[in-house]
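> Quick check, what structure comes out for this input:
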Amino acid sequence: MRDSSLMQLMWLASPALPIGGFSYSECLEAAVESARVATENEASEWLVEQLHATLARADLAVIAQVIPAWQAQDHPRIAALNAWVLQTRESSELRAQTEQMGRSLLDWLRNHTTATPAQVNELAMQQPTYPLAFALAASSTGAPLRDCLLACAFGWAENMVQAAIKSVPLGQSAGQRILSRLAAEIPAAVDHALTLTDDTRQAFSPMLAILSAQHEVQYSRLFRS
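This is a model prediction of the structure:
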């Protein structure tokens, strides 16, 4: 991989990217509130399971399929995958998250050279979701597909570990131990995502949906999901 491709992936995966990822816990805060997650070990187990059961089987699988679609300018395929992401968000706040992050990443792309204005405008007309916007940004980096997924997954892991540190709460050393475990699990999650097809890709996580609905009416909270 070229140096420029690697640095663009690192940039896209960075929690410092101004797209709002830091403001979401993806139901972890609700799991803490309901006493399902109260320790470092429980937070680690929760995030590893979420990585394999939800991220790998849904968003990473979509990104794996839509990056080639962006490169081939397969507009019907792009629209179909974006619609699938929207349809599989099981609560209003989870849908709001993917839409807000998608719009913010598109705004970021308007000021960078990793996507053409025509591509940005095409996605902007479709209620853009984050997986589709990330795939657009990654599709023109020249990076291998697997590396694009690894970067996306690690960026997710960094954000989620920061959410765990704030909500459980945990210390920075505990957060680094959790991140180390997630980093060890990410390659297998990515490899699984790469094997999925339209028939095997799925978004079935009923406990997350229930916790998200509860989080929407939670009295005190730090995060938007």
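> the helices in the protein, which residues?
Assigned by DSSP state H, the helices in the chain fall at 3-13, 28-33, 40-50, 60-72, 75-87, 92-109, 117-124, 130-139, 145-167, 172-195, 206-215.
> How far away from the center of its chain is the fifth one?
On the basis of CA atoms, centre = their mean, to the nearest Å, helix 75-87 is displaced by 16 Å from the centre of the chain it belongs to.
> Residue 116: how many residues sit nearby?
Residue 116 is flanked by 12 other residues according to other CB atoms under 10 Å. (C-beta placed from N, C-alpha, C; glycine too.)
> ignore the last one, residue 70
So residue 70, with other CB under 10 Å, has 22 neighbours.
> if I read this right, it contacts residue 78, doesn't it?
Yes. Using CB atoms under 8 Å, residue 70 is in contact with residue 78, at 6.6 Å.
> most centrally placed residue in the protein?
Centroid-nearest residue in the chain, with CA atoms, centre = their mean: residue 156, separated by 5.4 Å.
> Might one say that that one is in contact with residue 55?
Yes. Contact criterion CB under 8 Å: residue 156 and residue 55 qualify, at 6.2 Å.
> Mutual contacts of the two, please.
Shared contacts of residue 156 and residue 55 (CB atoms under 8 Å, 6 or more residues apart in numbering): none.
> List the buried residues in stretch 140-150.
140, 141, 143, 145, 147, 148, 149, 150 (16 or more other CB atoms under 10 Å).
> Same check on stretch 8-24?
Applying 16+ other CB under 10 Å to stretch 8-24 flags 8, 9, 11, 12, 13, 17, 19, 20, 21, 22, 24 as buried.
> Likewise for stretch 162-172?
Neighbour count says stretch 162-172 has 162, 163, 164, 165, 166, 167, 168, 170 buried, by 16+ other CB under 10 Å.
> pLDDT and distance to residue 41 for the residues you listed - can I get that in CSV?
Shown next, in CSV, are the buried residues of stretch 162-172 (pLDDT from 0 to 100; distance: CB to CB, whole Å):
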residue, pLDDT, distance to residue 41
162, 97, 18
163, 97, 17
164, 97, 11
165, 97, 15
166, 96, 18
167, 96, 15
168, 96, 11
170, 97, 11
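> which two in those residues are spaced the farthest apart?
162 and 168 (11.2 Å; CB to CB).
> before we move on, the earlier item: what's the most buried one of the helices of the chain?
Compared across those, helix 130-139 shows the largest average neighbour count, a mean of 26 (mean count of other CB atoms under 10 Å).
> Now do it against helix 75-87: the angle between them, please.
For helix 130-139 against helix 75-87, the angle by axes from the mean of the first three to the mean of the last three CA atoms, to 10 degrees is 140 degrees.
> Kind regards, and thank you for your time.
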